[in-house]
Structure formats: C-alpha cells, structure tokens
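> need coordinates for the following:
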Amino acid sequence: MKKNSVRHLTIAALLVAMGIIIPMVMPRVTIGPASFTLASHVPLFLAMFFSPGVAVAVSLGTGFGFFLSATPIIALRALSHLLFAVIGAFYLQKHPTIVLSKNKFILFNGRFQLFNLVIGLIHSVAELAVVSVFYTMGNMPETYYSQGYMYSIFLLMGIGGLIHSLVDYNIAYFVAHALSKQFDIPVFSQAKKMEKVKVDILPKESEPII
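I've put the predicted structure just below:
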C-alpha cells in the first residue's frame, strides 16, 4: 500500500510539472481574442486514469502552480478543473471497461466519446463560469469587450473550450493506452482484468449451454 502511494505521489508530481510546462512550450491556436494551447489538459486527463486522488493532486497542483507563474484568471480556470477531474476519475474507477473498444480506434467507441462529451461539458461550463465573473467585473482585456460576451466568452471560451477538451482527452487516451502496454495504469489494468473474467466465464463452443 505504501509503495503504491509513493508511486502515485511521484506520478502526480510529474503530471503537475507537465501541466505547468506544456502551456509554455506547446503551439497555440489563436482565434482572437482567445487562444488554445494544444495538449494543455492532457496531464490532468492522464491523472484520471490513475485514481481520484491523483486527479485531485494534479488539478490542485497545476492550479496553485499557475498562481505563481500566470494571471489569476488562468490559475482559477485551472483550479476549476478539479470538478471534472474528480467526477471523471471516480466514473473511470467504477466503470473501467469504458476504455476498451471492439473497434480499432477509440474515436468510434460511442460510450467512451459520450463520456468524453459529458466531461467536456462540465469542463467548459466550469471555466465559462470563472471567465464570466471576470468579464462582469471588467477585468478582461478590452478586446473581449469589443467583440461582446456571446462571441468572445460564450462562443470562443465556451464552445471553443469544449472542442479543446474533446481533442485533449482523446490525446490523453492514446498516450495512456500506449503506456498501459508497458506500465500499470490502474484503469486500463482493471479493465483488462474485468474483460478477462468476462471471457473466462463464457461457455466454450464445445460446451452445451443449459
């Protein structure tokens, strides 16, 4: 148990560091006045595949890290990730087989992508709430006000944020799926065990079904 806790703590620390560094080095897609950094949410999404505790640690770690390295609005947006991270991590822990797919590509797994959409909506709404507070307080750059709330906040930050979340979660899945072949990633390991048990209890072709 102690060994597993130390392992999770180490993983959480690495993911926190990645979560702070990625927005500084990865390319950005700018649709004025908003910008979206590719893979900026991937470390937190990866944390969800380990445990709710790791997800909480990474969301809090990145949030407080941004208080030291970025503006308050960015830091609070990062802290708002705690909501979807906890919900998503608990769901994956309870339903790990959602990461398995009969199709070659997870993009065609409707159940998984529905989960991705729900997490994306929670993610987007939480960030939208934070940004809306700053907008109404008059603490946003002038370019946001010149474009109006519906375009610069609801459309770009809300809908754009949802799309950003969907893309990043799929990137995180592909990374986690690849790593799970060599390393123990709890959600994937548990999913494989459950699938194996399911196969083992099915009657063989030569056995009569009573």
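> what's the helix or strand for the residue positioned nearest the centre of the chain?
Geometric centre of the chain, nearest residue: residue 45, 2.8 Å, by CA atoms, centre = their mean. Using DSSP states H and E, residue 45 sits in helix 42-48.
> that helix: how far from the chain's middle?
5 Å (CA atoms, centre = their mean, to the nearest Å).
> start the count at 15 instead of 1 going forward.
Sure, I'll start numbering at 15, so the last one becomes helix 56-62.
> that helix packs against which elements?
helix 16-39, helix 66-83, helix 95-108, helix 174-193 (3 or more CB pairs under 8 Å, 6 or more residues apart in numbering; DSSP states H and E). Where you see a C-beta, it was placed from the backbone N, CA and C, and this is true even at glycine.
> could you dump those helices into CSV and include mean pLDDT and distance to residue 52?
Compiled in CSV, the helices and strands packed on helix 56-62 are given as follows (pLDDT from 0 to 100; distance: least, CB to CB, whole Å):
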stretch, mean pLDDT, distance to residue 52
helix 16-39, 88, 8
helix 66-83, 92, 16
helix 95-108, 96, 17
helix 174-193, 94, 8
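> now for those, which one comes closest to residue 154?
helix 174-193 (15.1 Å; CB to CB).
> re the thing from before, so for the residue nearest to the centre of the chain, what's the pLDDT?
Residue 59 is assigned 97 on the pLDDT scale.
> what's the spacing between it and residue 68?
According to CB to CB, to the nearest Å, residue 59 and residue 68 sit 11 Å apart.
> show me how far the longest helix seen in the chain is from its chain's centre.
If you go by DSSP state H, the chain has its longest helix at helix 124-150. With CA atoms, centre = their mean as the basis, helix 124-150 stands 11 Å off its chain's centre.
> next SSE after it?
Following helix 124-150 in sequence order, the next helix or strand is helix 156-161 (DSSP H and E).
> quick one: buried residues of that following helix?
158, 161 (16 or more other CB atoms under 10 Å).
> any idea of the mean pLDDT in that helix?
Average pLDDT, helix 156-161: 86.
> need the contact partners of it.
Here helix 156-161 makes contact (CB atoms under 8 Å, 6 or more residues apart in numbering) with 46, 47, 149, 166, 167.
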